[in-house]
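J.: Got a predicted model here, sequence first, then my questions.
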Amino acid sequence: MSEINKTVKHAAIYTVGVVLNRLISFIMLPIYTRYLSPADYGTIELLTMTMDVIGIIAGAGLFGAMFRYYYMYNTQRERNVVVSTITILLLLFFFISSGLGIFFSDTLSSLILENNTRNILYFRIMFLCFFFQMFIEIPMMYIRAQQKPMLFVLVSIIRLLGQLSLNIFFIIFLDMNVMGVLLSSLIVSSVIGILLLYYTFHDTGLHFSRALARNMLAYSAPLIFSYMGEFILTYSDRYFLKAFGSLGEVGVYSLGYKLGFVLWVFSVKPIFNIWEPQRFEIAQKEDARGTNYRVFLLSNILIITLALIISLFSYDLFRIMSAPDFWAAYKVVPIIILAYIVQAWTSFGNFGLYYRGDTKQIALGTMGGAIAVIILSFLLIPTFKSYGAALATLLAFIIRFLLIYPRAQKYYKLSLPWKKCLMLLMAASLLYIVSQQISIDSILLSIAFQSIVVLIFILLLFLLPIFGKREKKAVYEIIINPKTALKVFKGQS
């Protein structure tokens, strides 16, 4: 099996697992937006984001070191030492962080929400969830490194069913609102996390290498700043919205952001679940640049097509699943989607820095974007509120890309089809803008109209001079028979 065929075959399976891992938040949206107020939803968002930023610090960047060090060694015993050492380090770091977080919950509550008994309890429960969540993350990365996509999917299914059942029980039947969301997360993360941790140590054994730990921490330390910058880029706008607006505005904006984030979850992330570790293996091979070219082009066809579909149907989707208070969320969806297309380009284009091990440059580029988003948020959010938050995100993502991609090219040059991908994005953007000039009150008629727009876009892929004959044939094969599409890219048919 060719490398690119293997990549897409595994990515297709991992897509199911990644979608299932994320699906709970999307399945629950109709319940959240019917049984929770925008302020409640905003509270959940701020709690979750706070745990994320603490997780970045507690993780010491070690999550980013997992694949690099795993594939540095050839024997399974050496790889087991890598996994075990990282897991033990993270257990220690997350235990300390969780304890400190529980102790200072009252301070965090007053800084981020309001200092009352209910919010303090929310933070304490979230810190317990935070600790057990680590039990899941490293084992799931280990399963990916082992290239066991079916096990990844099985765990994801169990996790989805458990979370979904408990959320429905606590929120609908017991009317527990925010507390119901937190308790269901705590129960599922603790039970599944303990089982996965046992699986990992049973498989790898208990090993700890001080020398390896020092090397991994030295490699990973700069990534803390990169991840912090990533957090600021992605989530800081909610804190600004809370400061210059209200929890309700945070809730509505977060709903729109979540739908825009679907692009990352359903298209980019599944590809990278397998491409991220494989690209280190492929880099040494003869056709490495050709493989990178084809994966990038194929990925952009899928990503931009899905981006257009999400943008077109966002308003109708919100009208179907949410209360009217949340409908305005659709306005920020296309802007957030554009930001995540740029994020996908950055993730493809940063390989040279990871390959060279120059993670400081990634950190500097990301922090540059983070500084930009803070400045832009101060300038745009007070006046334009949610629109300002979305625009600040998009502009900052572009700035980060411009800071990282040229540096990465110096270490490992990627020949990527930028002109074709930009033309494809422009065609999708123009179709979206034109479609928004027509307002249709009927949801069914609106869905039918947007479906026609999608079909027009697919037709344009064949009519416009964006792709050559082989690439147009590949697009056709993706639609008719995805299994043979890669053969077309490789010139095998």
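T.: Arrived safely. Given the structure is predicted, the values throughout are model-derived calculations rather than measurements. Numbers count the residues shown, from 1 in each chain.

J.: these two touch, right, Pro222 and Gly357?
T.: No: applying Cβ atoms under 8 Å as the test, Pro222 and Gly357 come out as separate, 10.2 Å apart. All C-beta spots, glycine's among them, are computed from the backbone N, C-alpha and C.

J.: Tell me which of the two has more neighbours.
T.: Pro222 (18 against 10; other Cβ atoms under 10 Å).

J.: Phi first, then psi, for that one.
T.: Backbone torsions of Pro222, given as degrees, to the nearest 10, read phi -60, psi -30.

J.: from now on call the first residue 53
T.: Sure, I'll start numbering at 53, so the last one becomes Pro274.

J.: what about Gln488, how many residues close to it?
T.: 12.

J.: What of Leu496?
T.: Leu496, neighbours per other Cβ under 10 Å, totals 9.

J.: Quick check, pLDDT for it.
T.: Looking at Leu496, its pLDDT reads 93.

J.: So what does it have for phi and psi?
T.: According to degrees, to the nearest 10, Leu496 has phi -60, psi -50.

J.: dump the residue contacts of Phe221.
T.: With contact taken as Cβ atoms under 8 Å, 6 or more residues apart in numbering, Phe221 is in contact with 232, 236.

J.: Show me what the helix or strand hosting Thr95 is packed against.
T.: Using DSSP states H and E, the element containing Thr95 is helix 90-111. Applying 3 or more Cβ pairs under 8 Å, 6 or more residues apart in numbering; DSSP states H and E, we find helix 90-111 packed against helix 81-87, helix 128-155, helix 157-164, helix 169-197, helix 229-256, helix 262-296, helix 299-315.

J.: Repeat the analysis, applying 7 Å as the threshold.
T.: helix 128-155, helix 157-164, helix 169-197, helix 229-256, helix 262-296, helix 299-315 (3 or more Cβ pairs under 7 Å, 6 or more residues apart in numbering; DSSP states H and E).

J.: Now do that helix and helix 169-197, the angle between them.
T.: Calculated by axes from the mean of the first three to the mean of the last three Cα atoms, to 10 degrees, helix 90-111 forms an angle of 50 degrees with helix 169-197.

J.: Quick check: the closest residue in space to Phe187 that isn't next to it in sequence vs Ala442, distance?
T.: Excluding its sequence neighbours, the residue lying closest to Phe187 (Cβ to Cβ, 6 or more residues apart in numbering) is Gly245, at 2.9 Å. Per Cβ to Cβ, to the nearest Å, Gly245 is found 34 Å from Ala442.

J.: For the two, indicate the residue with more neighbours.
T.: The neighbour comparison of Gly245 against Ala442 (other Cβ under 10 Å) goes to Ala442, with 27 against 21.

J.: surely the more buried one meets Val384?
T.: Yes: contact criterion Cβ atoms under 7 Å: Ala442 and Val384 qualify, at 4.1 Å.

J.: Low-confidence stretches in this protein?
T.: Scanning the chain with the threshold set as pLDDT under 70 gives 53-77, 112-113, 116, 325-326, 329, 523, 525-545.

J.: Try it again at 50.
T.: 53, 55, 536-545 (pLDDT under 50).

J.: ok now the longest helix belonging to it, how far from the chain's centre?
T.: If you go by DSSP state H, the chain has its longest helix at helix 411-463. Centroid separation for helix 411-463 versus its chain: 17 Å, with Cα atoms, centre = their mean, to the nearest Å.
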